[in-house]
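Novice: Fold the following, please.
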Amino acid sequence: MTVHSDVLVVGAGPAGLATALQAHAHGATVRIVDRRAERVRPSRAMMLHARALEGLRPLGVTDELLSRGDTTPEARIHLGKRVVQARLGHADLPDTAFPHLTLVRQADVEDVLWRALKARDVPVDWGVEFRGLAAFPGRGGALRADLRLADGNFPGANRTLGNPHEQGLEQHECRFLAGCDGQSSTVRGLVGAEWSGAPYRVEAVLADLELDGPLDPGLLHVAVGSAGLAFLFALGEGATWRLLATRTADPHAAGPFGQLGPAVPAGEVARLVQGSGLEATVRDVRWSAQVRLQHRVASRFRSGNLFLAGDAAHAHSPAGGQGMNNGILDALNLGWKLGFASDGGTHPELLGSYDYERRLAARRVLALTHVIFFGEASPHPLARLLRGLLPVSAPLLPVLLRRRRLTSAGIRLLAQPFVRYRNSGISLEGTPPAARWPRPGDRLPDAPAATGGQPARLHELTAAPGVHILLEHDAGWDVAGAELAFSGRKVHVHRLSSHPGRGIVAVRPDGHVGFRCGESDLHQLRAWLRLVGAVPD
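Specialist: Numbering: from 1, shown residues only. Below you'll find the predicted structure:
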């Protein structure tokens, strides 16, 4: 007997856990496996942006994430002897409920998502390694994955081994397989994707430290030197401070990219802190690791019913805190599509849209992080010169940073406002268009609204899994009747008494507009809902 699920997720990092949560919320049965024997591991990422928080909100995990993070972060920028204050919370971003950077450990993000899955009885099996596919029938057929157990015994449930002659081997049958297994992805090889890009000439050093010196506690400290930037987060997991710094990479170093590598000698950690210009000395190094860095993107994110997400699909530098966020956005895009497609139909446009939408987004984000990382850490003479000039401009920085518009623009940029899916096969414009709303493929911004005369926000109305239909005030439908017409799937209908007109807007589960029409044309709307699998054909 073989174990079954609609979706098998390989890898239980933020991308894998979020994919599973989103797919389950939209109707799929899901199982997750991860080769790690232990659930808890040191964090690599330390930041969530507004776009990821917005996407996770319908899954009911955002409040817990915010409770574990710092939503009003302050930074001290050290430019030689001068220290400049920067406030990174409460930016002027009226179109989001999260107008700030959120400093939060990756370990906390993973724990919150894991607990949400556990509450929904979605299994996460640790110490279980994906070895490959026993059968790959191609489009429309079931996949049979070979899984090997670390100790030959499954945790918990009664599961039958697919090959009783090889202890610890199981075959798991699924409709879809999501490869969220990191930069050394096994699934990427099965997808047949090229891994285009190159390694960086610098590597990251992470360390949990106790420091002596006049550093303000509980803040983010950024030291700017000609050799690069050093960050001290008040988010250490084994000590007060977490250091993120860069140094020249050994071109002959071995080991996987993007993973926590060997410990860094305490003397080298102390040298990095001293060389950064921070007025602090290292008293104790509780933990450290080096991380090899690269910039790459897979040439495809899908082959048949195999999909890539997160670090398996794209590799970033740590600049701008984009890696974890981009993986979560992959997951939120992919998960609802796998959930809706688990009804047994083929759904070619829906499933094909993932590769187009997220590969384009990955290229744009990779370009952003590459530029930022050049300025932060590149050993190129021009980058070193620019960093060396920053202390000279230190008197201007307080004036610039007091301009909330500039700070807000930076925070908005990191939240990826440039990611949209206008040319996707599931972004449809009705006739006539509802021109007052964002174009299909664009993110739905948060904005004031009212339903039944009661004030609300658009993101409050859409904060539940599923497709949300927004009816303008005079759209010719009864809300209860419309919801009945779409019963059997997660389709929610809201009449906006605050928005005059006869138009309709369909918002995808990941917060993007999928369809808009200037008239309440049920036939056009139903055609789009069928296209994305939200209602039966």
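
Novice: contacts, neighbours, all on C-alpha from now
Specialist: OK.

Novice: Poorly predicted segments of the stretch 151-300 of the chain, please.
Specialist: 151-168, 226-227 (pLDDT under 70).

Novice: centroid residue for the protein?
Specialist: The centroid of the chain falls nearest to Ile328 when counting by CA atoms, centre = their mean (2.0 Å).

Novice: What is the neighbour count of the nearest residue to it once chain neighbours are set aside?
Specialist: Spatial nearest neighbour of Ile328, excluding adjacent residues (CA to CA, 6 or more residues apart in numbering): Ala15 at 4.9 Å. Neighbour count for Ala15, taken as other CA atoms under 10 Å: 33.

Novice: tell me the SS of the residue nearest to the centre of the chain?
Specialist: helix (DSSP: H, G, I helix; E, B strand; the rest coil).

Novice: Now for it: which residues touch it?
Specialist: Neighbouring residues of Ile328 by CA atoms under 8 Å, 6 or more residues apart in numbering: 14-15, 18-19, 52, 310.

Novice: Now do the same for Leu338: helix, strand or coil?
Specialist: Under the three-state scheme (three-state DSSP), Leu338 adopts helix.

Novice: Under the pLDDT cut-off, which ranges of the stretch 351-500 of the chain? List them.
Specialist: For the stretch 351-500 of the chain, the stretches flagged by pLDDT under 70 are 383-404, 478-485, 487-489.

Novice: Do a quick rundown of the helices in it.
Specialist: Using DSSP state H, counting those that start in this stretch, the helices of the stretch 351-500 of the chain run over 381-389, 397-401, 404-414, 458-461, 479-485.

Novice: cool, the stretch 151-300 of the chain as well?
Specialist: Along the stretch 151-300 of the chain, counting by DSSP H, counting those that start in this stretch, helices occupy 186-191, 266-276.

Novice: Could you say which of those is packed most deeply?
Specialist: Of all these, helix 186-191 has the most neighbours on average by mean count of other CA atoms under 10 Å, namely a mean of 20.

Novice: Identify all contacting residues around that helix.
Specialist: Contacts of helix 186-191 with the rest of the structure, by CA under 8 Å, 6+ apart, involve 130-132, 179, 181, 298, 300-303, 306-308, 312-313.

Novice: model confidence over the helix or strand harbouring the residue nearest to Ile328, on average?
Specialist: Ala15 belongs to helix 14-25 when assigned by DSSP states H and E. Averaged across helix 14-25, the pLDDT comes to 98.

Novice: could you point out which element follows that helix?
Specialist: Next element after helix 14-25 (DSSP H and E): strand 30-34.

Novice: contacting residues around that following strand?
Specialist: Strand 30-34 has contacts (CA under 8 Å, 6+ apart) with 5-12, 16-17, 20, 23-24, 122-130, 181.

Novice: Those residues in helices, which ones?
Specialist: Under the assignment DSSP state H, the contacts of strand 30-34 contribute 16-17, 20, 23-24 to helices.

Novice: Going by distance to Ala377, which of those wins?
Specialist: Using CA to CA, Gly16 comes nearest to Ala377 of the ones in helices among the contacts of strand 30-34, at 29.5 Å.

Novice: if I read this right, that closest one contacts Cys180, doesn't it?
Specialist: Yes: using CA atoms under 8 Å, Gly16 is in contact with Cys180, at 5.2 Å.

Novice: Now the common contact residues for the two.
Specialist: 9-10, 309-310.

Novice: Can you add distance to Gly339 and pLDDT and give these back as TSV?
Specialist: Shown next, in TSV, are those (distance: CA to CA, whole Å; pLDDT from 0 to 100):
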residue	distance to Gly339	pLDDT
Val9	13	98
Val10	16	98
Ala309	16	98
Gly310	18	97
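
Novice: Narrow the contacts of helix 186-191 to those that are buried.
Specialist: Buried by 16 or more other CA atoms under 10 Å: 130, 132, 179, 181, 298, 300-303, 306-308, 312-313, out of the contacts of helix 186-191.

Novice: ranges for the strands of the stretch 151-300 of the chain?
Specialist: 169-179, 195-199, 202-212, 220-225, 228-233, 241-248, 281-291, 294-298 (DSSP state E, counting those that start in this stretch).

Novice: out of the ones you listed, which comes closest to Arg502?
Specialist: Between Arg502 and the strands of the stretch 151-300 of the chain, the tightest spacing by CA to CA is seen for strand 169-179, at 39.3 Å.

Novice: for the closest one, packing partners?
Specialist: strand 3-10, helix 14-25, strand 143-149, helix 186-191, strand 306-308 (3 or more CA pairs under 8 Å, 6 or more residues apart in numbering; DSSP states H and E).

Novice: who touches it?
Specialist: Where contact means CA under 8 Å, 6+ apart, the residues beyond strand 169-179 that reach it are 2-11, 16, 19, 134, 140-149, 152, 160-163, 185-188, 305-309, 312, 338, 342.

Novice: picking up where we left off before, most neighbours out of the ones in helices among the contacts of strand 30-34, which is it?
Specialist: Neighbour counts for the ones in helices among the contacts of strand 30-34, by other CA under 10 Å, peak at Ala20, which reaches 36 neighbours.

Novice: that older thread, who wins for neighbours among the shared contacts of Gly16 and Cys180?
Specialist: Among those, Ala309 has the most neighbours (other CA under 10 Å), with 33 neighbours.

Novice: if you skip the residues just before and after it, what's nearest to that one?
Specialist: Cys180 (5.2 Å).

Novice: Equivalent analysis for Leu101, please.
Specialist: Leu101 sits nearest to His49 (CA to CA, 6+ apart), 5.7 Å away.

Novice: Ser5: neighbour count?
Specialist: Count around Ser5 with other CA under 10 Å applied: 16.

Novice: coming back round to it: check contacts around the residue nearest to Ile328.
Specialist: Neighbour list for Ala15: 180, 309-310, 324, 327-331 [criterion: CA under 8 Å, 6+ apart].

Novice: Give me the residues contacting stretch 126-135.
Specialist: Outside stretch 126-135, the residues that reach it (CA under 8 Å, 6+ apart) are 10, 33-39, 143-151, 171, 186-187, 190.

Novice: rewinding a little: just name the closest of the contacts of Ile328 to Asp474, please.
Specialist: Ala52 (33.3 Å).

Novice: so which helix or strand takes in the closest one?
Specialist: Using DSSP H and E, Ala52 sits in helix 50-56.

Novice: Output the contacting helices and strands for that helix.
Specialist: Here helix 50-56 touches helix 323-341, going by 3+ CA pairs under 8 Å, 6+ apart.

Novice: what is the mean pLDDT for the helix it packs on?
Specialist: Averaging pLDDT along helix 323-341 yields 97.

Novice: between that helix and helix 404-414, what angle do the directions make?
Specialist: Using axes from the mean of the first three to the mean of the last three CA atoms, to 10 degrees, the inter-axis angle of helix 323-341 relative to helix 404-414 is 50 degrees.

Novice: Show me how far helix 323-341 is from its chain's centre.
Specialist: From the chain centre to the centre of helix 323-341 is a distance of 8 Å (CA atoms, centre = their mean, to the nearest Å).

Novice: swap in stretch 80-95?
Specialist: 24 Å.

Novice: so which of the helices and strands packed on strand 169-179 comes closest to Gln524?
Specialist: Once the helices and strands packed on strand 169-179 are compared by CA to CA, helix 14-25 is nearest, at 25.8 Å.

Novice: No further questions, thank you.
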